[in-house]
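K.L.:
how would this look folded up:
(2 chains)
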Amino acid sequence: MTTYSYIFNAFDKPLRIFGNWGPCLKDLRSWYAMPGFNGSNAPELTLEITGADIEEIERIIPLPGIEYKIRSGIMMVNQNFDFSSYAQGHRQWIDYAGAGRCMIDFSKGSAISMICGNAMLPTYQKYLFAEHPLDKLLTSKDIFSMHASCASVKGKGIAFTGNSGAGKSTAAFALMHKGMPILTDEKLFIFKDEGYSAGSISDIIKVRQDVISKFFASQDACHEYDVIAGEHYLKLGGSKTTIWQSRTPLTALCMLEQTGKPETEVKSINPTKLAGGLFPVTITSASPQFRAAKFGFIMDMLENIECRLVKFGTDMDDFAAKIEELAETL
Amino acid sequence: MERVLIKNPDIISKDVKGETILLNSVSGKYFGLNKVGRAFWEKIDGVRSLQDIAELLLKDFDVEKDRLLKDLENLILTLKENNLITLG
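P.N.:
Purely as a prediction, here's the structure:
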């Protein structure tokens, strides 16, 4: 069985991802847009992704007692999988019944994902067994993810958050359509640099055909990674017609609210009002102490960047112009 | 009125530009407080009652006592419903 091993530069942290599970690992270098790590530093973060049967999983990463269960539900991907998460001390487990299990050790900066078979499609496996534990691991290095899209406008990172359906992806694509690089349409990582920085680890976006027709130059504007249930997984990097950027200084966070009117309005907003749109979705974390750390980080960030309420109109040209105006004033 | 107000120890708070956000670190639920709510929250120390805190707030805010007490009783109900405080 082939063994894969990659050393990525995850926001200046050496990250090793390795294992034998080809469906997740064989094309991971194109799935992630992180550069390789140049240097001899030992990995600060490690993620092992390996194939196993149920008995091996139970032996190698047994679940803690039921009293440590923090959440359960159904993960709806290509089929429904029951899932449960557990947290005990500095460790978290996520079990996808019959499909695999992850265990994250925050104190060691390591995670292991064990996957059984191909009942779950490889693209979903990447999200649940690579991207999700990696998201958690980065938390241990004070790199926190938010449900937000982000574009670099005149060199300033403008992030967009809001409730589901508020238009986070649309906002990002509208700006990209006007030639502004985007970092992500969905998941943004924030970390402290000289100020606050925003970044993305993957340049793959998930869009429906109507979005491609509206915002992309042509159907084959960028490499299509996968198509599942009418959703196209497109790789933005390396395309001549889309512009993707891995990181930018974060200047403003905008709360989107759809109005149905053509014109977009941009207003100042107290950060505490904006926080309401971030929690509890963005604050989910393994344990109370990590949740507290993330809360403190996000609140400090809100105090130190510009916060705006964007009444998001339907005229995308007007929206892009208003956001350019905003960037000029910051 | 005379019962002591006790903060839930799982609550963490952060002041930002004059207002306060409370987060229940166990449930992940958050709650926002305005300027008066923030002043009230700061004075909950596990010893003071609503009456004690109202007396202190009357020194800081230009408001009638009856109006303040009514507002604080409503706030206490909300804080209790959100598991942010208990009554001793």
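K.L.:
since we're on the residue in the stretch 1-150 of chain A positioned nearest to chain B, how many residues are nearby?
P.N.:
Sorted by distance to chain B under C-beta to the nearest C-beta, the residues of the stretch 1-150 of chain A start with residue A:70, at 9.4 Å. The C-beta positions use only the backbone N, C-alpha and C, and glycine is treated the same way. Residue A:70 is flanked by 15 other residues according to other C-beta atoms under 10 Å in any protein chain shown.
K.L.:
What does the pLDDT read for the closest residue to residue A:328 other than its chain neighbours?
P.N.:
Among residues not flanking residue A:328 along the chain, residue A:154 sits closest, at 6.6 Å (C-beta to C-beta, 6 or more residues apart in numbering or on different chains). Residue A:154 is assigned 95 on the pLDDT scale.
K.L.:
What backbone torsions are found at residue A:154?
P.N.:
Residue A:154 adopts backbone torsions of phi 50, psi 40, taken as degrees, to the nearest 10.
K.L.:
so it touches residue A:325, yeah?
P.N.:
No. Taking contacts as C-beta atoms under 8 Å, residue A:154 lies outside contact range of residue A:325: 10.3 Å.
K.L.:
ok so, going back, list the buried residues of the one helix or strand the residue of the stretch 1-150 of chain A closest to chain B maps to.
P.N.:
Assignment of secondary structure by DSSP states H and E places residue A:70 within strand A:69-76. Using 16 or more other C-beta atoms under 10 Å in any protein chain shown as the test for burial, strand A:69-76 gives residue A:75.
K.L.:
Partner strands of whichever helix or strand comes after it and their direction?
P.N.:
Next along the chain after strand A:69-76, taking DSSP H and E as the criterion, comes strand A:80-88. According to DSSP bridges, strand A:80-88 forms sheet pairs with strand A:69-76 (antiparallel), strand A:91-96 (antiparallel).
K.L.:
Using neighbour counts, pick out the buried residues of strand A:80-88.
P.N.:
Applying 16+ other C-beta under 10 Å to strand A:80-88 flags A:81, A:83-87 as buried.
K.L.:
quick check, distance from it to the centre of its chain.
P.N.:
Here strand A:80-88 is found 20 Å from its chain centre; the criterion is C-alpha atoms, centre = their mean, to the nearest Å.
K.L.:
Could you export that strand as PDB, CA atoms only?
P.N.:
Extracted as PDB, the C-alpha positions of strand A:80-88 are listed here (Å, rounded to 0.1, in the frame of the first residue of the first chain):
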ATOM      1  CA  ASN A  80     -26.500   9.800   6.000                       C
ATOM      2  CA  PHE A  81     -23.900   8.900   8.600                       C
ATOM      3  CA  ASP A  82     -24.700   9.100  12.400                       C
ATOM      4  CA  PHE A  83     -21.900  11.000  14.100                       C
ATOM      5  CA  SER A  84     -21.000  11.600  17.700                       C
ATOM      6  CA  SER A  85     -18.300  13.900  19.200                       C
ATOM      7  CA  TYR A  86     -16.600  13.500  22.500                       C
ATOM      8  CA  ALA A  87     -14.200  15.700  24.500                       C
ATOM      9  CA  GLN A  88     -12.100  14.700  27.400                       C
END
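K.L.:
Quick one: mean pLDDT for that strand?
P.N.:
Strand A:80-88 comes out at a mean pLDDT of 93.
K.L.:
same check, this time on stretch B:22-34
P.N.:
81.
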